[in-house]
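Engineer: Pasting the sequence and the predicted model now:
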Amino acid sequence: MRCPACSNELTEIQVGKVLVDACQDGCGGIWFDAFELQRVDEEHEAAGEHLLHIRRQENLTVDQSRKRECPRCKDIKLARHFFSGKKAVEVDECPNCGGYWLDAGELEKIREEKKQAAKQKDSPRAGSISPEVIRYLYRMQTERRKTI
C-alpha cells in the first residue's frame, strides 16, 4: 500500500491485537482500517503508545491541502474533517471503507484530547450544577407556582 500523504510504501505494524500500516521513514503517518483507531486512541490503551514513535524524515514536507486517495479503496478520495466537536485535530477518513489516515502527531493529539475530556468528566467544574440539583430546583419552582 502507498502512503496517501507522501506516496512512500506503508509498513505493517502489529501493536497488540491491531495491525496498522505506517509510513516509516517517510511522513510518519498511520493508516487505520475501520474500527482500529478506537483500540488505540485513549491513553489507557497501551498498544497506542508504540504508535506515537513512528520513524519519519524530519525534513519531509507534506502538502496538507492536497486531496488524498484512500490506500485501500481504488479511486476514492479521503474526506478531511475534525475528529471531535472540539475541533482540535483534523483527520482523513475514507467514506467507503471507514478507514482513517492520521498524519504524524495526530494520534498523540487525539489521545491527549480524550484524556482531557475524561478528566473533565470525572471532576466537577467550579460553578457546574448536577442534573439532580437542576431537577430538584425545577420541582421546587413548579410546586411554588402551584401554591401562589
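Structural biologist: Here it is on my side, so go on.

Engineer: so which helix or strand takes in the residue nearest the centre of the chain?
Structural biologist: With distances taken as Cα atoms, centre = their mean, the residue of the chain nearest its centroid is residue 110 (4.4 Å). When elements are assigned from DSSP states H and E, residue 110 belongs to helix 106-122.

Engineer: Of all the residues in that helix, which ones are buried?
Structural biologist: Under the neighbour-count criterion of 16 or more other Cβ atoms under 10 Å, helix 106-122 has 106, 107, 109, 110, 111, 113, 114 buried. From N, CA and C alone the C-beta is placed, and that goes for glycine too.

Engineer: distance between that helix and the chain's centre?
Structural biologist: 10 Å (Cα atoms, centre = their mean, to the nearest Å).

Engineer: do the same with stretch 78-96
Structural biologist: 8 Å.

Engineer: what's the average pLDDT for it?
Structural biologist: Computed over stretch 78-96, the mean pLDDT rounds to 93.

Engineer: May I see the buried residues of that stretch?
Structural biologist: 78, 83, 89, 91, 92, 93, 94.
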